[in-house]
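**Student:** Give me a model of this one.
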Amino acid sequence: MRTFYFSSRIICFFVSVLFLATAAYAQTPLTSPAHIGLVYPLSSNGKNAAAYTNHFSLHIIAGVSKAETGAAIAGISNIIKDSATGAQIAGFSNHIGKTFHAVTVSGFMNQVKINGDGAMVAGFLNTAGSMHGFQMAGFANLVPRNADGTQVAGFMNMAANNSQVQVAGFTNIAKKDANVQVAGFMNTAENVHSQVAGFINIAKKVKGVQVGFINIADSSECPVGVVNIVKGGEKQVSVSIDETATAIASFKSGGRILYGILGVGYNLKDNPNPLYALQAGIGAHWPLLSHFRINAEATTLVLTDFKKGYYHRQSLGIFPAYRFGSRVEVFAGPTFNFVQTEHGVGQDISNHYIWSEYRRNNKFQGGYIGGTAGVQVRI
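**Tutor:** Coordinates of the predicted model:
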């Protein structure tokens, strides 16, 4: 009986030791100094590759791992279930399940589900839950949460917040706050420091400047565009006539200081063919007294008969303006003009050039001092 009791205790002891060893082994992460292969599971880590943390990985086609702490290089794709530090380089795509630190480069796409910290460079697309560092993509960078860094894309950048710079060939989208946005077509944000777009900027509060053909904001002190729709700004309808008898009806819109000008008109002189006018420019208000200010305007004017040739005039005007009541304002002042014409269109509507010259191909250019007067109504 004693022999049986003693034997049972020995067996229990060895079972306990085996259990503890197994548990300790199970809790020890699998690591590998190098992971070499063709494609999963044809690699040095075999079918358990997704459980290994590797210091270096090299795969001809694609590699799978739990984590990478150094360089991971693949001809097609790197698939990392957890996190990666170091450099991930793939001919097609990198996929990281949680976070990455350092650099990830691919010919097509980089994907980080939670957080990226470093540089992401892709031929087509970068996606990250949040991002700190730098993103560059041929098509788009997409970050649904915060992007604390610079995003550069051939087509689009998107982030909930971006604290640095977004540069895109087409559009930048910040769902909330942004610092600086530069786009070929459109920028959108709620609160932003500065926006520069080839066509339209949309924001709520702008601390710096908006530069685009159309600027839309709830508050913006310095919109630089032809059409500026600012909730707390100033909008006017203007009618004016200058020394060449060109009458212009224009829409002026902007902030407290800067505003844009867009107008159409007609030259009232007896020309061989009717001359129609199109005007665009920017201006600035300089308040002096409660009802008196100076408006400085830089404009470009095109006259055309829609047949051949053109009349093109750049002007800088200084217009003292007096406001009657709260809406009606009259203005008048000198203009400094540079004129270019082709095939004689509009050349004779001014005959007091300070200097002028004829050039090849029936082109003429000259400069003169003129004047403009008009009235505008605040709307």
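**Student:** How about stretch 366-379, which residues are buried there?
**Tutor:** Going by neighbour count (16 or more other Cβ atoms under 10 Å), the buried part of stretch 366-379 is G366, Y368, G370, T372, G374, V375, Q376. For the C-beta atoms, the positions are set from N, CA and C on the backbone; glycine is no exception.
**Student:** ok, now stretch 301-308?
**Tutor:** By neighbour count with 16+ other Cβ under 10 Å, stretch 301-308 contains the buried residues L301, L303, T304, D305.
**Student:** tell me the contacts of the third one?
**Tutor:** In other words, T304. Taking Cβ atoms under 8 Å, 6 or more residues apart in numbering, we find T304 in contact with L275, Y276, L278, Y310, Y311, V345.
**Student:** And those residues, which is closest to Y259?
**Tutor:** Nearest to Y259 among these: L278, at 18.1 Å, using Cβ to Cβ.
**Student:** Identify the residues contacting stretch 225-239?
**Tutor:** 201, 210-220, 223, 247-256, 258-263, 280-282, 285, 329, 374-379.
**Student:** who's in contact with stretch 62-73?
**Tutor:** With Cβ under 8 Å, 6+ apart, stretch 62-73 has contacts from 29-30, 35, 37, 39-40, 43, 45, 49-59, 74-90, 94.
**Student:** Touching, H59 and V39? I think so.
**Tutor:** Yes: contact criterion Cβ atoms under 8 Å: H59 and V39 qualify, at 6.6 Å.
**Student:** So these two - more neighbours on which side?
**Tutor:** Set H59 next to V39 and count neighbours by other Cβ atoms under 10 Å: H59 wins out with 26 against 16.
**Student:** what does the domain assignment say about this structure?
**Tutor:** Domain assignment for the chain by automatic domain parsing gives 30-230, 234-378.
**Student:** Return the most buried member of those domains.
**Tutor:** When you average the neighbours per residue for each of the domains of the chain (mean count of other Cβ atoms under 10 Å), domain 30-230 leads with a mean of 21.
**Student:** and it, what's its mean pLDDT?
**Tutor:** Domain 30-230 carries an average pLDDT of 96.
**Student:** now the end-to-end length of it.
**Tutor:** Terminal residues of domain 30-230 are spaced 60 Å apart (Cα to Cα, to the nearest Å).
**Student:** Going along the chain, name the helices of the stretch 1-150 of the chain.
**Tutor:** Counting by DSSP state H, counting those that start in this stretch, the stretch 1-150 of the chain has helices at residues 2-27.
**Student:** quick one: the strands in it?
**Tutor:** Secondary structure of the stretch 1-150 of the chain (DSSP state E, counting those that start in this stretch): strands at 30-32, 35-39, 42-43, 52-65, 67-74, 77-80, 83-90, 93-96, 99-106, 109-122, 125-137, 140-153.
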